[in-house]
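Student: what's the 3D shape of this:
(one chain, ligands or ions: 1)
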Amino acid sequence: MHKPTAGWHADTIAIHGGDAPQDPHGALVAPLYQTSTFVFDSTHQGGQRFAGEEAGYIYSRLGNPTVNQLEQRIAELEGMQAGAAAATGMGAVAATMMAFLQQGDHVVASDAIYGCSFALFDHLFRRFGVDVSFVDMSDLEQTKAAFRDNTQLVFLETPANPHLKLVDIAAVSKLAHQHKARLVVDNTFMTPLLQRPGEFGADLVVHSATKYLNGHGDVVAGLVTGRSEDIELIKFTTLKDMGATMSPHDAWLILRGLKTLPVRMQRHCENALAVVAFLQEMQQAGMISRLYFPGVNQDEQSHESDLLQTQMKAAGAVIAFDMTGGFRAATRLLDQLSMIKLAVSLGDAESLIQHPASMTHSPLTPEARAAAGIGDGLVRLSVGLEHADDIITDLRQAFTSLKNSAENTAVNTD
Ligand code: 7XF
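Tutor: Numbering: from 1, shown residues only. You can find the predicted model right below:
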């Protein structure tokens, strides 16, 4: 029997949320329903299920018990009514946005978002007659000025990919609701353990489950949570008919990954603080010109430390920094690393480092990157679960080697 989760802590929901009905054999872990279709008892029953007159499964693109268990668990973790699972994070972003848009509509989006979300809005949406305004959402006046009579949706990431800029979800949701628009928040970088956008007025919360939620680097997947009627619309229009639904096997792996999310996030965050302290040393030594991590540049961004206190439970474990020597220094640093892997993605056990301008944010035009503050010397590091000392040792040897080569060849540093 499905147990009520009201009152449970997130640590418990991560393990028991969306518990499936008791398995006939008493299996502790719910079985994986790796099936494309479901057999009907009779033609009448099949017809009733298609007509929505009888509950029950039909076909895995329309619903699957393993996928449903994950949808329920993520909804409980986010404190939202319902959830829907998608094949990828982009599948979730696209299905969510397109469920509420039609030709002639307008979207207000943050200028600092993941590259393919930018590409979807800037290239594809415009082709279908949906206009998009990209704004600096940390500037509420600029954000307010972007609204039009036909604004249907507002989209933001906080902390933003790649440089962790924070947005005040409560303030933007107020603006959105004044204009009768829905607010969609991409919560990938935080997970519901560190930030629950619904508590601050977000209508829909999307995730790339590829990242921390799964946490083991072996799945590409997406999730969205929101009010039941909005999630039904997404599930039975854009997800069902465009077809980017999640495979049961991926859902099963994410259910497994989620069980350790609370302990993983704690370790990720502790490691990140240790790495930030090391990077601050590199900043003092002149190798790094700017460090991006929530709460680090408190003097210039006092609203960020306020948001860190009010909106987030911790700063997370993605760090970005501008290399003083620009593009050349950034690429030399990345090529020197050995334990830390040079790869896109984030939130895995392995520490991952990448160069946003040429990788994750290459779909942005150079002008859009400049407007969003994504320079050629910017590096993004996802701090993993290795011992913090070993992560720092690898970074230290790469910085030292960069410094030595700069001194030896008298190149670099601008
Ligand atoms: O479709 P995906 O599961 O890759 O998720 C898309 C996505 C959505 N929102 C955010 C905030 C994301 O960071 C992503 C994917 N980001 C990866 C990254 O930044 O490393 C993609 C690698 S190209």
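Student: What separation is there between residue 270 and residue 253?
Tutor: Distance, residue 270 to residue 253, by Cβ to Cβ, to the nearest Å: 25 Å. (Each C-beta comes from the backbone N, C-alpha and C, glycine too.)
Student: Give me the pLDDT for the closest residue in space to residue 187 that isn't next to it in sequence.
Tutor: Nearest residue to residue 187, sequence neighbours excluded (Cβ to Cβ, 6 or more residues apart in numbering): residue 205, at 5.0 Å. pLDDT for residue 205: 99.
Student: what's in contact with stretch 277-297?
Tutor: Applying Cβ atoms under 8 Å, 6 or more residues apart in numbering, the contact partners of stretch 277-297 are 159, 163-166, 272, 276, 304-305, 307-308, 312, 315-316, 319-325, 329, 377, 392, 395-396, 399, 402-403, 413.
Student: just stretch 369-380 next, same as before
Tutor: 111-112, 134, 136, 161-163, 165, 289, 318-327, 329-330, 333-334, 346, 353-357, 360-361, 364.
Student: Narrow those to those in helices?
Tutor: 326-327, 329-330, 333-334 (DSSP state H).
Student: Pull out the buried residues from those.
Tutor: Neighbour-count burial (16 or more other Cβ atoms under 10 Å) applied to the ones in helices among the contacts of stretch 369-380 gives 326, 329-330, 333-334.
Student: Let's test this: mean pLDDT of the top helix by length along the chain, rounded?
Tutor: As assigned by DSSP H, the longest helix anywhere in the chain is helix 261-284. Computed over helix 261-284, the mean pLDDT rounds to 98.
Student: Next, the buried residues of that helix.
Tutor: Buried residues in helix 261-284 (16+ other Cβ under 10 Å): 261-262, 264-265, 267-269, 271-273, 275-276, 278-279, 282-283.
Student: Nearest to the ligand, out of the ones in helices among the contacts of stretch 369-380: which one, please.
Tutor: Of all these, the ligand sits closest to residue 334, with 14.0 Å by Cβ to the nearest ligand atom.
Student: Go ahead and confirm the closest one touches residue 341.
Tutor: No: the criterion here is Cβ atoms under 8 Å, and residue 334 misses it with residue 341 at 10.2 Å.
Student: what residues are shared contacts of the two?
Tutor: residue 353.
Student: Quick one: name the residues of the chain near the ligand.
Tutor: The chain comes close to the ligand at residues 88-90, 93, 114, 116-117, 157, 161, 186, 188, 208, 210, 220, 222, 344-346, 360, as judged by Cβ under 6 Å from any ligand atom.
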